[in-house]
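Participant: Fold the following for me, if possible:
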Amino acid sequence: MLAELEYQYYSVGDTDDVKTETRGLIVMQGGGTDVDVNYQRMGEFSGGGDFVVLRASGDDGYNQYIFDLCACDSVETIVFKTRDAAYDEFVIEKIRNAEALFVAGGDQSRYVRFWKGTPVEDAIHAVAAKPAPIGGTSAGMAILGQHAYSAMSADSLTAAHALADPFHVDLTLEADFINLAGMGNIITDQHLIERDRIGRTVALLARLVNDEITPTARAIAADRETAVHVDPSSGDVEVFSVDEHETPYVYFMRTTKKASVCEAGKPLSIEDVEVHRSAAGDKFNLKTWRGVGGGSYSFSVKEGVLQSSRLEIY
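Facilitator: Numbers count the residues shown, from 1 in each chain. Next up, the predicted model:
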């Protein structure tokens with residue numbers, strides 16, 4: 001009975017543990033309608049093993065959908081209700097035995113509160129180290145960078161609040177939560193154009209450098225219904241999207257200098273934020289931080305206002 005209060009477990013397929021040959025892949029989607037190829041490729045890279053979905057809300061909605069796409073032995077969902085579930089032996093064993101792991105959307109603050117410093121965090125790292133595919137959408141994508149916007153306040157951080165005050169109460173950061181190969185010094189953002197979040201992504205980058213968390217802050221920010229697939233060993237990136245989506249872009253953003261103004265209660269000012277925008281079919285590399293296809297540009301923020309950009313298409 002206690003376990004039922006701490007988590008819920010759902011399954012489809014053969015739930016007996018199976019061992020398969022796996023390959024590393026990081027899949028991140030900016031929310032919205034799921035991109036089918038995410039689960040097809042994760043299933044392929046899992047070698048057809050056991051696919052585990054982690055959630056902190058919802059139910060088994062992913063199970064049959066993924067099972068029909070991934071050609072896996074099983075798809076199992078664990079819905080965390082409390083932090084205590086992160087110490088449950090059954091839960092830890094299911095995660096560690098996974099050949100593919102996916103974190104659903106919802107509220108990333110629950111993932112931080114429930115998993116940070118627990119055996120679940122260690123189990124996720126163990127799956128990544130096999131190596132095996134790991135993915136997430138929306139809030140699930142939010143925690144896959146080394147650094148994360150943790151959404152710990154009552155309200156979601158808006159671009160307007162972040163640009164007007166980069167120390168706004170809603171700007172909460174979590175450093176060194178999930179550490180995946182190739183994702184060092186990267187923070188992610190989601191639903192970018194749909195929810196007008198470019199300004200908040202810039203503020204997150206500015207804080208990472210200003211707070212001396214990292215000298216070079218990088219972001220991967222994805223539109224809804226758009227996914228990034230990363231080869232963790234080479235750093236090679238491919239972009240996929242739902243065909244009918246109007247803004248299927250991923251933004252690779254970087255700043256290497258401290259903001260000229262990044263103080264509590266004052267509007268943000270920062271110069272020369274580098275951006276490469278990629279669409280479905282374009283390529284990028286996280287090690288060289290260069291893209292093939294798409295376009296590169298830079299912009300600044302002056303007293304909390306985004307300035308015009310310089311665009312180079314190549």
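Participant: The top helix by length along the chain: how far from the chain's middle?
Facilitator: Taking DSSP state H as the criterion, the chain has its longest helix at helix 198-210. Offset of helix 198-210 from its chain centre (CA atoms, centre = their mean, to the nearest Å): 16 Å.
Participant: packing partners for the next helix or strand after that helix?
Facilitator: Downstream of helix 198-210, the next assigned helix or strand under DSSP states H and E is strand 217-222. Where contact means 3 or more CB pairs under 8 Å, 6 or more residues apart in numbering; DSSP states H and E, strand 217-222 is packed against strand 25-29, strand 186-189, helix 198-210, strand 249-255. Heads up, the C-betas are built off the backbone N, CA and C, glycines and all.
Participant: Report the angle between strand 217-222 and strand 25-29.
Facilitator: When axes from the mean of the first three to the mean of the last three CA atoms, to 10 degrees is applied, the directions of strand 217-222 and strand 25-29 differ by 70 degrees.
Participant: returning to that earlier point: for Phe167, find the nearest of the helices and strands packed on strand 217-222.
Facilitator: Closest of these to Phe167 is helix 198-210, at 7.8 Å (criterion: CB to CB).
Participant: buried sites along stretch 280-298?
Facilitator: By neighbour count with 16 or more other CB atoms under 10 Å, stretch 280-298 contains the buried residues 280, 282, 284-286, 291, 293-296, 298.
Participant: And stretch 32-48, by the same measure?
Facilitator: 32, 34-39, 41-48.
Participant: and Asp272, how many residues sit next to it?
Facilitator: When counting by other CB atoms under 10 Å, one arrives at 11 neighbours for Asp272.
Participant: what does whichever helix or strand Phe240 is part of rub up against?
Facilitator: Using DSSP H and E, Phe240 sits in strand 236-241. For strand 236-241, contacts defined as CB atoms under 8 Å, 6 or more residues apart in numbering pick out 35, 37-38, 223, 225-231, 248, 250, 278-286.
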